[in-house]
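Asks: my questions are about this predicted structure, shown below with the sequence.
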Amino acid sequence: MTRQSTPRTEAARASSAVNDTATVANTAADTSNALAERTVAGVQDASAQVASMTLEAQKTLGASIEDVSERMQGLSSFGQQNFDAFSKASEISAKALENFSSEVAAYTQKAQEDSIAAVQDLSSVKSVAELVEKQMSFAQHAFDGWMQQATAIGEMYTNAAKEVSAPIEARVAAMTEDMKITAR
């Protein structure tokens, strides 16, 4: 004997599916918000640590340069160029961290807006099939967006590392060349 669905049973199932979808969407939004907050906090903490380390490095480097300048006048120019390279690397690093923070904040805001729009869209479904279709579409869109963001951040980190190390690498090359000349 097959049980036939009544309109009341179908309505209860649809209502339950909508509630389940809303719960999933809210959980996804909460998870997204928590992840975004942790990411922003991590970036801010890293920025503060880099700024502190940079300040200490600049202080230490400044003291070292002064000592070398007092002892050997010939190395004054070389030391100043090293200091400039580290300062330039620090400036580039600070700017890169600002860019990371801005990028993460913008993505977080967009992801939250997308989540809210998806919940609103899901609340207007007329059938379970439409609900599943919209939910799958949102999940795919959210995943694709996250993958694009992860790729973009990875590229930003790679480019920042190259830019930050360039002034220091130039100074190391100059020092190596000076040592070769001195050794002859």
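Replies: Great, that's in hand.

Asks: any idea how many residues pack against Asn82?
Replies: For Asn82, the neighbour count with other Cβ atoms under 10 Å is 21. Every residue, glycine included, has its C-beta placed from N, CA and C.

Asks: now the helices for the chain?
Replies: 7-71, 76-122, 128-183 (DSSP state H).

Asks: export those to JSON lines and tack on mean pLDDT?
Replies: Listed next are these as JSON lines, based on pLDDT from 0 to 100:
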{"stretch": "helix 7-71", "mean pLDDT": "75"}
{"stretch": "helix 76-122", "mean pLDDT": "88"}
{"stretch": "helix 128-183", "mean pLDDT": "89"}
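
Asks: in stretch 122-130, what counts as buried?
Replies: If you call a residue buried by 16 or more other Cβ atoms under 10 Å, then stretch 122-130 has these buried ones: 122, 125.

Asks: repeat for stretch 38-52
Replies: Residues of stretch 38-52 classed as buried by neighbour count (16+ other Cβ under 10 Å): 39, 43, 47, 50.

Asks: dump the C-alpha coordinates for it into CSV.
Replies: Provided in CSV are the C-alpha atoms of stretch 38-52 (Å, rounded to 0.1, in the frame of the first residue of the first chain):
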residue,chain,number,x,y,z
ARG,A,38,40.3,35.2,12.2
THR,A,39,42.0,35.9,8.9
VAL,A,40,41.8,39.7,9.4
ALA,A,41,43.0,39.3,13.0
GLY,A,42,45.9,37.1,11.8
VAL,A,43,46.9,39.7,9.2
GLN,A,44,46.7,42.5,11.7
ASP,A,45,48.7,40.5,14.2
ALA,A,46,51.3,39.7,11.5
SER,A,47,51.4,43.4,10.5
ALA,A,48,52.1,44.4,14.1
GLN,A,49,54.8,41.8,14.4
VAL,A,50,56.4,42.8,11.2
ALA,A,51,56.3,46.5,12.2
SER,A,52,57.9,45.6,15.6
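
Asks: let me see the residues that make contact with it.
Replies: Residues outside stretch 38-52 that contact it (Cβ atoms under 8 Å, 6 or more residues apart in numbering): 93-94, 97-98, 100-101, 104-105, 108.

Asks: try it again with 6 Å
Replies: 93, 97, 100-101, 104 (Cβ atoms under 6 Å, 6 or more residues apart in numbering).

Asks: how about stretch 144-160?
Replies: Applying Cβ under 6 Å, 6+ apart, the set of residues contacting stretch 144-160 is 96, 107.
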